[in-house]
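S.K.: sequence plus the predicted model coming up.
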Amino acid sequence: MTTPRKIFITGCSRGLGLALVNAFINAGHTLAGCSRSQPKMAELAAKQDNHHLFQAVDISDPDAVKAWVSQSVAHIGVPDLVINNAAVINKPAPLWQVSAQEFQQLVAINIAGVHLVSLNVLPLMIEQGHGVLVNLSSGWGRSVAPDVAPYCASKWAIEGMTKALAEELPAGLAAIPLSPGVIDTPMLRETWGEGAAGYRSPDVWASTAAPYILSLNASHSGRSLTTPG
Ligand SMILES: NC(=O)c1ccc[n+]([C@@H]2O[C@H](COP(=O)([O-])OP(=O)(O)OC[C@H]3O[C@@H](n4cnc5c(N)ncnc54)[C@H](OP(=O)(O)O)[C@@H]3O)[C@@H](O)[C@H]2O)c1
């Protein structure tokens, strides 16, 4: 087993986030996680012993993110690893049919939400002198497809923001844009429907992705990476 880590992760009510939480806890690490769903967070907390912390938080809400980071640090300590996983995808449509409200909400979660977590957590990681920040990107952060322009825009932004951040961080810290590949999650089903069924399950993905993420360190900072498999 690797040295036990303190890990913060957003968006752990389902999909990749939930699968990573289960894999990390099974491997002996300590987690602080969030999603907007109070019942899902309560369910997750009830299944684990209480040195982990799961809270209902909307990462687009500055005050809620500030409180989550502060309470998570009080509960498990300053994290060694932060995974900005939470995101949404637009309802498939050409850009001129996407409402301003849907576009703005997506940007508030997928881009500004990642900034809010970084804003609250990075000063603490810089002070402790080490830490890895992993921001979930996408193949659609490095290529494009029709009907998902808002999502593509947000993931290209994640690539740019994370790589620029990597140039700002002091030695010992890392910021890494990470594409997970294609996995059969509720998000993929929103876009591809039953077409998602041919892809790996989140648990199968996490069986290799979790140890891969734990292997990332300062030498990987600023590199656009993809989980193996
Ligand atoms: N699945 C793939 O093939 C694929 C491919 C490329 C990239 N990705 C990326 O991988 C990450 C995980 O995707 P996924 O497929 O697991 O998606 P998913 O199944 O839709 O899960 C997304 C998670 O984010 C949470 N979330 C959404 N908005 C939130 C908010 N405002 N505040 C807090 N939590 C929020 C959701 O929980 P609540 O609704 O309860 O808040 C959920 O737990 C995303 O960044 C996605 O862009 C996935």
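M.R.: Thanks, I have the structure now.
S.K.: contact residues of the protein facing the ligand?
M.R.: 10-17, 34-37, 40, 57-60, 85-88, 109, 113, 136, 138, 180, 182-183, 185-188 (Cβ under 6 Å from any ligand atom). (C-beta placed from N, C-alpha, C; glycine too.)
S.K.: mind listing the strands for this protein?
M.R.: 6-10, 30-35, 53-56, 81-84, 131-136, 173-179, 225-226 (DSSP state E).
S.K.: same list, those, but as a markdown table with mean neighbour count, mean pLDDT and distance to residue 197 please.
M.R.: Below are those laid out as a markdown table (neighbours: other Cβ atoms under 10 Å; pLDDT from 0 to 100; distance: least, Cβ to Cβ, whole Å):
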| stretch | mean neighbour count | mean pLDDT | distance to residue 197 |
| --- | --- | --- | --- |
| strand 6-10 | 25 | 99 | 26 |
| strand 30-35 | 26 | 98 | 24 |
| strand 53-56 | 20 | 98 | 29 |
| strand 81-84 | 27 | 99 | 26 |
| strand 131-136 | 25 | 99 | 22 |
| strand 173-179 | 24 | 99 | 21 |
| strand 225-226 | 16 | 98 | 22 |
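S.K.: Serialize the ones you listed to JSON lines and add fields for distance to residue 148.
M.R.: Shown next, in JSON lines, are the strands of the chain (distance: least, Cβ to Cβ, whole Å):
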{"stretch": "strand 6-10", "distance to residue 148": "21"}
{"stretch": "strand 30-35", "distance to residue 148": "22"}
{"stretch": "strand 53-56", "distance to residue 148": "27"}
{"stretch": "strand 81-84", "distance to residue 148": "19"}
{"stretch": "strand 131-136", "distance to residue 148": "15"}
{"stretch": "strand 173-179", "distance to residue 148": "15"}
{"stretch": "strand 225-226", "distance to residue 148": "18"}
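S.K.: now do the residue lying farthest from the centre of the chain against the ligand, distance only.
M.R.: Distance to the chain centre peaks in the chain at residue 96, reaching 28.3 Å (criterion: Cα atoms, centre = their mean). Separation of residue 96 from the ligand (Cβ to the nearest ligand atom, to the nearest Å): 23 Å.
S.K.: and that residue, how far is that from residue 42?
M.R.: Noted for residue 96: a distance of 41 Å to residue 42, by Cβ to Cβ, to the nearest Å.
S.K.: tally of neighbours for whichever residue of the chain sits closest to the ligand?
M.R.: Using Cβ to the nearest ligand atom, the single residue of the chain nearest to the ligand is residue 15, 2.3 Å away. By other Cβ atoms under 10 Å, 23 other residues sit near residue 15.
S.K.: list the contacts for it?
M.R.: Neighbouring residues of residue 15 by Cβ atoms under 8 Å, 6 or more residues apart in numbering: 183, 185-187, 202.
S.K.: what pLDDT is listed against the closest residue to residue 37 other than its chain neighbours?
M.R.: Of all residues not flanking residue 37 in the chain, residue 13 sits nearest, at 4.6 Å (Cβ to Cβ, 6 or more residues apart in numbering). For residue 13, the model assigns a pLDDT of 98.
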